[in-house]
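**Student:** Test case, fold it:
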Amino acid sequence: MNVRTLALVVVVAAIVGAVAYRAGGQRARSAAVPPIAANGPVAAPAANAAPSAARGAEPPAPSAIEFGPNELLVISERTISRSIPLTGSLQPVRETLVKAKVAGELRDLAVREGTSVRAGQLLARIDPTEFEWRVREREAQLRSAEAQLEQARRALDNNRQLSDKGFISTTAADNARSAHDGALGARDAAVAQLTMARKALADTQVTAPMSGVIAERFAQVGEKVSPDNRIVSIIDLSRMEIEALVPSGEIAAVRIGQPVSLTVEGIEDRLAGQIVRISPGTQAGTRSIPVHIGVDNRDPRIRAGMFAQGWLVMDRKERAIVVPIAAIREDAGRPFVYLIDGNRVIRRDVALGVRDESAGDGGSGSVQVISGLKPGDRIVAVNLGTLREGAPLRRGPAGEDLSARAAEVTPPAAVR
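**Tutor:** You can find the predicted model right below:
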């Protein structure tokens with residue numbers, strides 16, 4: 001065999017070996033691929049079986065919810081009122097300025113701000129020396145006038161007798177009568193002057209014209225005061241008034257004597273007031289009408305100028321289904337509540353009526369439910385956010401029903 005023949009044999013053997021190698025690799029890959037039917041896979045790998053089974057399983061049951069004892073409300077019938085808010089400052093109905101009636105030096109001032117006084121009580125004294133001497137002068141003038149009147153009376157009687165007997169002329173008798181009348185007038189003038197002097201002396205004693213409390217003192221001891229100078233001011237805190245504004249659209253329902261419930265800033269107790277006056281026109285720039293609320297004050301803590309807020313009842317419903325405003329939720333403008341139905345929480349659509357925002361029912365006010373609830377129903381009374389509808393309830397640790405706070409809620413800001 002020559003060299004040429006040997007090379008040809010080697011090339012043929014290499015080609016046969018390559019074809020055999022490719023055929024073996026194709027069989028190995030075919031064994032690793034699962035059989036494919038005409039319509040899709042016949043079988044899935046075992047590794048993918050577990051996820052597919054998990055995706056086909058039922059979703060887990062919702063977690064149970066627990067509520068606190070103050071988070072649920074049993075519906076009952078009661079009275080609800082629609083009110084409008086009124087605000088204003090308390091002002092005394094009666095107040096006065098005590099002024100000097102005569103001029104002089106202020107000798108004594110026995111009261112200060114906050115002092116309680118009664119009508120007729122002595123408040124201050126003005127130096128009476130000048131007025132005492134003036135009274136003595138007028139008394140002396142009166143005595144002189146009375147003496148002159150007595151002399152003129154005797155002269156008149158004598159002249160009448162002489163005139164009747166014809167011893168004097170008629171003119172002389174008339175002169176005697178005129179002198180008597182002049183003396184009588186002088187006596188009356190002296191009496192009037194003495195009366196005025198005595199009054200001026202009495203005015204040096206400054207007294208309280210009414211009972212109340214000293215609000216302000218304007219003068220000090222030793223000052224020279226003139227007539228009409230202010231000395232003190234007095235206010236009567238037993239009767240107060242508030243001027244408040246009512247919208248013109250609501251004024252038709254306001255009447256004299258209508259009750260108003262009031263709270264004063266810094267004082268927990270409520271005050272009872274009533275409408276005592278209604279202004280005849282609107283206030284410029286507001287289109288609201290001022291009303292005046294009278295309050296009988298027996299609380300020594302209440303002072304003039306304190307801020308008060310009140311609620312004026314405009315509508316009243318008896319035997320109504322009433323729930324806290326905080327219990328109402330909205331979904332697309334439709335109000336609903338969370339109702340306890342058996343052992344689950346469900347949503348119940350409701351229709352609302354009279355709304356009272358006067359800080360009842362935990363501070364949020366209350367609202368009438370016209371339809372959707374009945375007495376005896378139990379609802380969630382506070383804003384706990386969005387609750388999972390259909391979630392079961394469970395008993396608390398002590399065995400009482402619905403005894404703890406809800407376990408699954410979203411932030412309250414997510415629900416109106």
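
**Student:** so how many other residues sit close to Thr115?
**Tutor:** For Thr115, the number of neighbouring residues by other Cβ atoms under 10 Å comes to 15. The way it works is simple: take the backbone N, C-alpha and C, and place the C-beta from them, glycine included.

**Student:** oh sorry, the question was meant for Ala145
**Tutor:** In terms of burial, Ala145 registers 21 neighbours under the definition other Cβ under 10 Å.

**Student:** Please apply the same query to Asn159.
**Tutor:** Applying other Cβ under 10 Å, I find that Asn159 has 20 neighbouring residues.

**Student:** Repeat that for Ile214.
**Tutor:** Number of residues near Ile214 (other Cβ under 10 Å) recorded here: 19.

**Student:** Please verify my assumption that it contacts Val232.
**Tutor:** Yes - with contact defined as Cβ atoms under 8 Å, Ile214 reaches Val232; the gap is 5.5 Å.

**Student:** what residues are shared contacts of the two?
**Tutor:** Both Ile214 and Val232 are in contact with Val111, where contact means Cβ atoms under 8 Å, 6 or more residues apart in numbering.

**Student:** How confident was the prediction at the residue lying closest to Pro247 once chain neighbours are set aside?
**Tutor:** For Pro247, the nearest residue in space outside its immediate sequence neighbours is Ser288; the separation is 5.6 Å by Cβ to Cβ, 6 or more residues apart in numbering. pLDDT, the model's per-residue confidence, is 92 for Ser288.

**Student:** Spit out the contact partners of Ser288.
**Tutor:** Applying Cβ under 8 Å, 6+ apart, we find Ser288 in contact with 245-248, 282.

**Student:** Okay, buried residues for the strand or helix carrying Gln161 please.
**Tutor:** Gln161 belongs to helix 129-164 when elements are defined using DSSP states H and E. Taking 16 or more other Cβ atoms under 10 Å as the basis for neighbour counts, the residues of helix 129-164 that come out buried are 130-131, 134-135, 138, 141-142, 145, 148-149, 152, 155-156, 159, 163.

**Student:** Who are the packing partners of the next helix or strand after that helix?
**Tutor:** Along the chain past helix 129-164, the next helix or strand (assigned with DSSP H and E) turns out to be helix 170-202. In this structure, helix 170-202 makes packing contacts with helix 129-164, judged by 3 or more Cβ pairs under 8 Å, 6 or more residues apart in numbering; DSSP states H and E.

**Student:** picking that back up, tabulate the contacts of Ser288 (a markdown table), appending neighbour count.
**Tutor:** Supplementary listing: these in a markdown table, determined by neighbours: other Cβ atoms under 10 Å:
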| residue | neighbour count |
| --- | --- |
| Leu245 | 17 |
| Val246 | 21 |
| Pro247 | 12 |
| Ser248 | 14 |
| Thr282 | 16 |
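
**Student:** ok, these vs Ile328, which is closest?
**Tutor:** Comparing the contacts of Ser288 against Ile328 with Cβ to Cβ places Pro247 closest, at 24.5 Å.

**Student:** measure the closest one to Ile340 for me?
**Tutor:** With distances taken as Cβ to Cβ, to the nearest Å, Pro247 is found 40 Å from Ile340.

**Student:** before we move on, what about Ile234?
**Tutor:** Ile234 sits 61 Å away from Ile340, going by Cβ to Cβ.

**Student:** which of these two has more neighbours?
**Tutor:** Neighbours per residue, other Cβ under 10 Å: of Ile234 and Ile340, the larger number sits with Ile234, 25 against 21.

**Student:** Quick check: that one is in a strand.
**Tutor:** Yes - under DSSP: H, G, I helix; E, B strand; the rest coil, Ile234 falls within a strand.

**Student:** Just list whatever residues bridge to the nearest residue to it once chain neighbours are set aside.
**Tutor:** In this structure, Ile234 finds its nearest non-sequential neighbour in Gly212, 4.4 Å apart by Cβ to Cβ, 6+ apart. Applying DSSP bridges to Gly212 yields these beta-bridge partners: Val117.

**Student:** Gly212 - how many residues pack around it?
**Tutor:** By the criterion of other Cβ under 10 Å, Gly212 has 22 neighbours.

**Student:** With Ser116 instead?
**Tutor:** Ser116 is surrounded by 13 other residues when neighbours are defined as other Cβ under 10 Å.

**Student:** Ala208 versus that one, what's the distance?
**Tutor:** Using Cβ to Cβ, we find Ser116 at a distance of 10 Å from Ala208.

**Student:** related to what we said a few turns ago, measure how the helix holding Gln161 sits relative to helix 170-202, angle-wise.
**Tutor:** Interaxial angle of helix 129-164 relative to helix 170-202 (axes from the mean of the first three to the mean of the last three Cα atoms, to 10 degrees): 160 degrees.

**Student:** Report all helices and strands that helix 129-164 contacts.
**Tutor:** If you count contacts as 3+ Cβ pairs under 8 Å, 6+ apart, helix 129-164 packs onto helix 170-202.

**Student:** can you pull the buried residues of the helix or strand just after the helix it packs on?
**Tutor:** Beyond helix 170-202 on the C-terminal side, the first helix or strand identified by DSSP H and E is strand 205-207. By neighbour count on 16+ other Cβ under 10 Å, the buried set for strand 205-207 is Val206.

**Student:** who's in contact with strand 205-207?
**Tutor:** 98, 100-101, 120-126, 231.

**Student:** Pull up the pairing partners for that strand, direction included.
**Tutor:** Strand 205-207 pairs in its sheet with strand 122-126 (antiparallel), by DSSP bridges.
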